[in-house]
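In: quick one, fold the following:
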Amino acid sequence: MRILLVEDDTAQLEPLQTALSQAGHIVDGLENGAIAQWAITQRDYDLLILDWMLPEISGLDLCRQYRQAGKTAPVLMLTAKDTTGEKVTGLDAGADDYLVKPTDLFELLARVRALGRRSPVWQGEKLQLADLQLHISTLTVERGQATVELSTREFQLLEYFMRHPYQVLSRDQIEQALWEWGSEPESNATTTLVRRLRQRLQLLDVADWLETIYGMGYRLNPDQNNNA
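Out: Below is the predicted model:
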């Protein structure tokens, strides 16, 4: 998932961001509520993880504004506030879950997995398009009796395509979806990644699903086999 993580304590932000990235997620880590407010308008996120107390704009206010804007991605609040009244306040503001600090990384990752499964495109631990199944827990893609292992970046790219089937996705859209803020990809990174993913899909006999639309971008078209 693409995750916005907002935590003003660098000593806590960095290990959380590392753990989430190692779990295969694309994480934008920020320390300021006002910057986070701007980031939300620039990118679509699958999950927000917000510290309650943030500079300029609190996580609670961010959550409330996010819901008022009609955004539906899950929100996980991180806070030292653990009274029932404070939990109710956070949930009433639109939060989906609540984790009391100090944060246990194993519990955080478990809650993130649980929130990710609420997405309508995921069926438990898998994402399915036609007869192609992507498994989040093993970073594998399966078709029929064949299974192929993917690198983290290949998995992220295929997930992005499977979330947006039939849509032509530009190079800029792909780079914004797969690379974190401040992480600038090489000029040929997207082309190389698409080529690698096609090689993996070839092992499942669906490489032709991943089309190049010249001058525009790429498209995952599961009907391509039917048109062959």
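
In: switch to C-alpha atoms for all contacts and neighbour counts from now on
Out: OK.

In: ranges for the strands of the protein?
Out: Remark: strands assigned in the chain by DSSP state E are 2-6, 26-30, 47-51, 75-79, 97-100, 122-123, 126-129, 132-135, 140-143, 146-149, 210-213, 217-220.

In: closest to residue 165 out of those?
Out: Closest to residue 165 of the strands of the chain, according to Cα to Cα: strand 217-220, at 5.4 Å.

In: so residue 147 touches residue 140, yeah?
Out: Yes. Applying Cα atoms under 8 Å, one finds residue 147 in contact with residue 140, separated by 6.6 Å.

In: when these two are compared, which one has more neighbours?
Out: With neighbours defined as other Cα atoms under 10 Å, residue 147 and residue 140 compare such that residue 140 has more, 18 against 15.

In: contact partners for the residue nearest to that one when sequence neighbours are not counted?
Out: Closest residue in space to residue 140, ignoring its immediate chain neighbours: residue 149 at 4.4 Å, by Cα to Cα, 6 or more residues apart in numbering. Applying Cα atoms under 8 Å, 6 or more residues apart in numbering, we find residue 149 in contact with 138, 139, 140, 141.

In: spatially nearest residue to the second one (excluding sequence neighbours)?
Out: Once flanking residues are discounted, residue 139 sits nearest to residue 150: 5.7 Å by Cα to Cα, 6+ apart.

In: repeat that for the last one.
Out: Spatial nearest neighbour of residue 141, excluding adjacent residues (Cα to Cα, 6+ apart): residue 134 at 4.5 Å.

In: how does the protein divide into domains?
Out: Domain ranges of the chain: 2-117, 126-220, per the TED database.

In: so which of the ones you listed is the most surrounded?
Out: With neighbours defined as mean count of other Cα atoms under 10 Å, those peak in mean count at domain 2-117, which reaches a mean of 18.
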